[in-house]
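Peer 1: After the sequence you'll find the predicted model.
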Amino acid sequence: MTIHGSCCCGRVKFELLEPPRMMGTCHCSRCRKVGASTFVIVSRSTLKWLNGREAVIRYAPEPPYKYGRCFCGVCGTALGEILSEDETFPIAAHALDDDPQVRNRFHEFVAEKPDWYGICDEAKQFPGHPG
Ligand SMILES: [Zn+2]
Ligand SMILES: [Zn+2]
């Protein structure tokens, strides 16, 4: 089944030809600041662009941080690592318009979670990266 995704303004549109492999939530300050804490892991071969790939901007952080953060250059919607060349990569779950058929499996970097955010599911919690 096809799962559609898009940004807030509609310039970016894509499809996932298969459901993502899983969903996770990262509470590190970097994911939080770009607004992409809950993500799904997708296989690159299942990602099909429909529109707006050229509008996507990739923010490449200074080392030691390595993950490029992508967002719509028109409206700023965070898109995770959607331009990654890796076989699998995370994209922001909030960009999906259909049910991805997976549910949150874990919370990582819970040690960095702000107190105002309460975890409300039963998924496993890790203080840092899952071991
Ligand atoms: Zn947009
Ligand atoms: Zn993170």
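Peer 2: Sure, I can see it. It should be emphasised that the depicted structure is a prediction, and the values quoted were computed from it without experimental measurement. Ligands and ions are numbered 1, 2, ... in the order given.
Peer 1: hmm, the worst-scoring helix or strand of the chain on mean pLDDT touching ligand 2?
Peer 2: One helix or strand of the chain scores below all others by mean pLDDT, DSSP states H and E: helix 29-33, with a mean of 94. Yes. For a cut-off given as C-beta under 5 Å from the ion, helix 29-33 has contacts with ligand 2, namely residue 31. Yep, even glycine has a C-beta here, placed from its N, CA and C like the rest.
Peer 1: So what's the model's average confidence on the very next helix or strand once past that helix?
Peer 2: For helix 29-33, the following helix or strand on the C-terminal side (DSSP states H and E) is strand 38-43. Regarding strand 38-43, the rounded mean pLDDT is 98.
Peer 1: Return the distance of strand 38-43 from the chain's centre.
Peer 2: Between the mean C-alpha location of strand 38-43 and the chain-wide mean there is a distance of 6 Å, by C-alpha atoms, centre = their mean, to the nearest Å.
Peer 1: Mind listing the strands it pairs with, and their directions?
Peer 2: Each strand paired with strand 38-43, and its direction, by DSSP bridges: strand 22-26 (antiparallel), strand 88-92 (antiparallel).
Peer 1: closest to residue 116 out of those?
Peer 2: With distances scored as C-beta to C-beta, the stretch of these nearest to residue 116 is strand 22-26 (15.1 Å).
Peer 1: Residues in contact with the closest one: which ones?
Peer 2: Strand 22-26 is contacted by residues 37-41, 90, 93, 100, 102-109, 123 when judged by C-beta atoms under 8 Å, 6 or more residues apart in numbering.
Peer 1: mind redoing it with 6 Å?
Peer 2: Contact partners of strand 22-26, identified using C-beta atoms under 6 Å, 6 or more residues apart in numbering, comprise 37, 38, 40, 41, 102, 104, 105, 106, 107, 108, 109.
Peer 1: Report the contact partners of residue 127.
Peer 2: 110, 111.
Peer 1: ok so it is a strand residue?
Peer 2: No. The assignment for residue 127 (DSSP: H, G, I helix; E, B strand; the rest coil) gives coil, which keeps it out of a strand.
Peer 1: ok, and does the strand or helix carrying residue 107 reach over to ligand 2?
Peer 2: For residue 107, the host element (DSSP H and E) is strand 104-108. No. Contact check for strand 104-108 against ligand 2, using C-beta under 5 Å from the ion: none in range, with a minimum separation of 7.0 Å.
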